[in-house]
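Q: Any chance you could fold what I've pasted below:
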Amino acid sequence: MRWVWMIVGLLAVATGVLWTLQGLNLVSGSAMSGQRVFVVVGPILALIGLALVVIGLRRRIPVS
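A: I've put the predicted structure just below:
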């Protein structure tokens, strides 16, 4: 279960960074390019992703 938190977190970080770059119009070719809402939503999603990665790293592996 620990790796699920980390994978979801990494995907959220990557998506958040992409959305931020698209909102800043540094990545073009999408309907999201140049939309300022993604300059706000992107970093929020990236921070949530970082929190999920930290949760995944801090979870203990159960001893069977």
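
Q: Quick check: which ranges of the protein have low pLDDT?
A: For the chain, the stretches flagged by pLDDT under 70 are 64.

Q: Which stretches in the protein count as helices?
A: In the chain, the helices defined using DSSP state H lie at 2-23, 37-58.

Q: so how far is the last one off the chain centroid?
A: What that stands for is helix 37-58. In terms of Cα atoms, centre = their mean, to the nearest Å, the gap separating the centre of helix 37-58 from the centre of its chain is 5 Å.

Q: So which elements touch it?
A: If you count contacts as 3 or more Cβ pairs under 8 Å, 6 or more residues apart in numbering; DSSP states H and E, helix 37-58 packs onto helix 2-23. For the C-beta atoms, the positions are set from N, CA and C on the backbone; glycine is no exception.

Q: What lies in contact with the helix it packs on?
A: If you take Cβ atoms under 8 Å, 6 or more residues apart in numbering as the criterion, helix 2-23 is touched by 27-28, 30, 32-57, 59, 61.

Q: what's the answer for stretch 57-64, then?
A: Contacts for stretch 57-64 (Cβ under 8 Å, 6+ apart): 1-2, 5-6.

Q: and if you look at stretch 41-48?
A: Contacts of stretch 41-48 (Cβ under 8 Å, 6+ apart): 12-13, 15-23.

Q: Which two among the contacts of stretch 57-64 are spaced furthest apart?
A: Farthest pair in these (Cβ to Cβ) is 1 and 6. Separation: 10.2 Å.

Q: Out of the contacts of stretch 41-48, who's the most crowded?
A: Neighbour counts for these (other Cβ atoms under 10 Å) peak at residue 19, which has 24 neighbours.

Q: tell me how far stretch 21-32 is from the chain's mean position?
A: The answer for stretch 21-32 is 16 Å, by Cα atoms, centre = their mean.

Q: buried ones in it?
A: 21-23, 32 (16 or more other Cβ atoms under 10 Å).

Q: That concludes my questions; thank you for your assistance.
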